[in-house]
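Student: quick one, structure for this:
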Amino acid sequence: MADMRLRPLPLLLLVPFVAALAACASGASAGTDGPTIKPGAAFTLAPGETGRLDGGGLTVRFDEVRDDSRCPVTVNCVWAGDATVRLTITAENAAPTAHDLHVAGTTAKTAAVPGFRVSLVGLTPERQSTKPLPKDAYRAKLQVDRA
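Tutor: Got it, this is the predicted structure:
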């Protein structure tokens, strides 16, 4: 009788293990799949999304907005401000590299990786003066061109 009470326990331990294994195999820990990237065409990523070049050879992941000092839409500012977008770019046969691209000013708006240029075209939504933007509300508009 005691033997029958112990049998369900290994099965209960096996279910979470199988679920964790399936999540790892699906790439769930690597970020969310995003759009297929076509060279020369703009595409949009949400934080955590990864876009993949049509045909392979490049991935671009939007990690986060590190700083956002852009002038809020309801305020008249002397300076337009800037925002820093952190991307992780992986070119074929190369290690992933982090790049900070900027919305405004003379700072870097483009990252060069072997065979490609990744450009920040825009960042939405615009800042509001009344409330901070949630981190997951941002959308980075990007473009990939062959170098």
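
Student: all the strands of the protein, residue numbers only.
Tutor: 32-37, 42-45, 49-53, 58-68, 83-91, 97-102, 110-113, 116-124, 139-146 (DSSP state E).

Student: would JSON lines of the ones you listed with mean pLDDT and distance to Thr130 be doable?
Tutor: Glycine gets a C-beta too; all of them are placed from N, C-alpha and C. What follows is these, written out as JSON lines (pLDDT from 0 to 100; distance: least, CB to CB, whole Å):
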{"stretch": "strand 32-37", "mean pLDDT": "89", "distance to Thr130": "29"}
{"stretch": "strand 42-45", "mean pLDDT": "98", "distance to Thr130": "25"}
{"stretch": "strand 49-53", "mean pLDDT": "97", "distance to Thr130": "27"}
{"stretch": "strand 58-68", "mean pLDDT": "96", "distance to Thr130": "15"}
{"stretch": "strand 83-91", "mean pLDDT": "96", "distance to Thr130": "18"}
{"stretch": "strand 97-102", "mean pLDDT": "97", "distance to Thr130": "25"}
{"stretch": "strand 110-113", "mean pLDDT": "94", "distance to Thr130": "33"}
{"stretch": "strand 116-124", "mean pLDDT": "96", "distance to Thr130": "17"}
{"stretch": "strand 139-146", "mean pLDDT": "97", "distance to Thr130": "20"}
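
Student: quick check: Gly56 touching Glu92?
Tutor: Yes: judged on CB atoms under 8 Å, Gly56 makes contact with Glu92 at a distance of 6.9 Å.

Student: looking at these two, which one has more neighbours?
Tutor: Neighbour count, other CB atoms under 10 Å: between Gly56 and Glu92, Glu92 has more, with 13 against 8.
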